[in-house]
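**Student:** Sequence plus predicted model, see below.
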Amino acid sequence: MKKTETQKGVIHAGFSYLLWGLLPIYWKLLDHVNAKEILASRVVWSFIFMVVILLLTKKWGLFVRTIKGFAKNKKQMAALTIASLLISVNWFIYIWAVNSGHMIEASLGYYINPLISILLGMIVLKEKLTVYQYASFVLAAIGVLIISISHGQFPWIAIVLALSFGLYGLAKKLINVDSTVGLTLETLVITPIAVIYIGFLFINGTNDFLNAGIQTDLLLMGAGVATAVPLLYFAKGAQKIPLSLLGFLQYIAPTLTLLLGVFVYHEHFSKIQLLSFMFIWSALTIYSLSKTKLLPSQSFHLRKEKSTSV
């Protein structure tokens, strides 16, 4: 029974990462629309779709109770607001990057995201790291440095994507709510701003929604489904499989995005970029193994103490 549940978890989580990896194809279909309008539509239609899901799953009561609880807890309300802003920044940069020919750099951002999470955990949560996790961070830093020097500029798209999603995960640690309710709350916070922006576009006659054809309208409305469905499958899968296995599966998405950028949309992938990615892939391999029983789990601090006391 337990094996069957794990298999279901792998299927659900793997499917969510598969959808995330293929999502650039969806945004490419909207590359004629301003990234800000795509983001605003994504927020509004995600909220509407999640409300429907709450009603269908009979979680509306839980949603209302959660809102009332947040109104009395300023710390959680602040964490929710910050999480909503961070995920909005992440969504916007990702959509803009994909539609501006920076898909490879966007994939780099999600490759280094776990390593950014390590750094945030160490600095903010005072977590102790293993020797292998330190090594993985150093290797990733070398990879980023190589690509920065070769391009003559800092890979800001990758870093902003990784930082915004890493900080989003940190903020989410302070919000202990049902995943469906959580996503609805996050989109609720930003929806008023998104609606005002869409209204501004309509007033100025610069809107693409209801103005650029039925296909564009359907794609903008479908952005809510494209956002929510992977998250819902991820939530179902994450509950049934070990965190270490989830860590391996998460590389499906950036790998697919990288392959799409190189082989489908023909973005330039130089030898220097390959070298940089090889350092980062090596870092991820070490990091992933450090989360399993294949490598010792003692922290760097404890290891150092032991060696000096002998």
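**Tutor:** Yep, that arrived.

**Student:** For the chain, just list every one of the strands.
**Tutor:** Using DSSP state E, the chain contains no strands.

**Student:** all helices for it, in order.
**Tutor:** With DSSP state H as the criterion, the chain has helices at 2-28, 35-56, 60-71, 74-99, 103-123, 131-151, 156-172, 179-204, 214-238, 243-249, 252-259, 271-290, 300-309.

**Student:** The residue sitting nearest the centre point of the chain and Ala171: what is the separation?
**Tutor:** Centroid check for the chain by CA atoms, centre = their mean gives Phe165 as the closest residue, at 5.2 Å. The spacing between Phe165 and Ala171, counted by CB to CB, to the nearest Å, is 11 Å. Yep, even glycine has a C-beta here, placed from its N, CA and C like the rest.

**Student:** follow-up on the earlier one: can you tell which of the helices of the chain is closest to Tyr265?
**Tutor:** Comparing those against Tyr265 with CB to CB, the closest turns out to be helix 103-123 (6.1 Å).

**Student:** now the closest one against helix 156-172, angle please.
**Tutor:** 40 degrees (axes from the mean of the first three to the mean of the last three CA atoms, to 10 degrees).

**Student:** Which elements pack onto helix 103-123?
**Tutor:** helix 74-99, helix 131-151, helix 156-172, helix 252-259, helix 271-290 (3 or more CB pairs under 8 Å, 6 or more residues apart in numbering; DSSP states H and E).

**Student:** what's the angle between that helix and helix 252-259?
**Tutor:** 150 degrees.

**Student:** and helix 103-123 with helix 2-28, angle?
**Tutor:** On the basis of the same axes, to 10 degrees, helix 103-123 is oriented at 130 degrees to helix 2-28.

**Student:** Tell me what angle helix 103-123 forms with helix 74-99.
**Tutor:** Relative orientation of helix 103-123 and helix 74-99, computed by the same axes, to 10 degrees: 160 degrees.

**Student:** Identify each buried residue in helix 103-123, please.
**Tutor:** Residues of helix 103-123 classed as buried by neighbour count (16 or more other CB atoms under 10 Å): 103-121.

**Student:** Distance from the chain centre to it, please.
**Tutor:** Distance of helix 103-123 from its chain centroid, counting by CA atoms, centre = their mean, to the nearest Å, is 10 Å.

**Student:** Now that helix: average pLDDT?
**Tutor:** Mean pLDDT, helix 103-123: 85.

**Student:** And stretch 248-266, by the same measure?
**Tutor:** When pLDDT is averaged over stretch 248-266, the result is 91.

**Student:** Counting neighbours, which bits of it end up buried?
**Tutor:** Those would be 248-258, 260-262, for stretch 248-266 by 16+ other CB under 10 Å.

**Student:** what does it contact?
**Tutor:** 10, 13-14, 17-18, 20-22, 24-25, 28, 101, 103-104, 106-111, 114, 267, 269, 277, 284, 288 (CB atoms under 8 Å, 6 or more residues apart in numbering).
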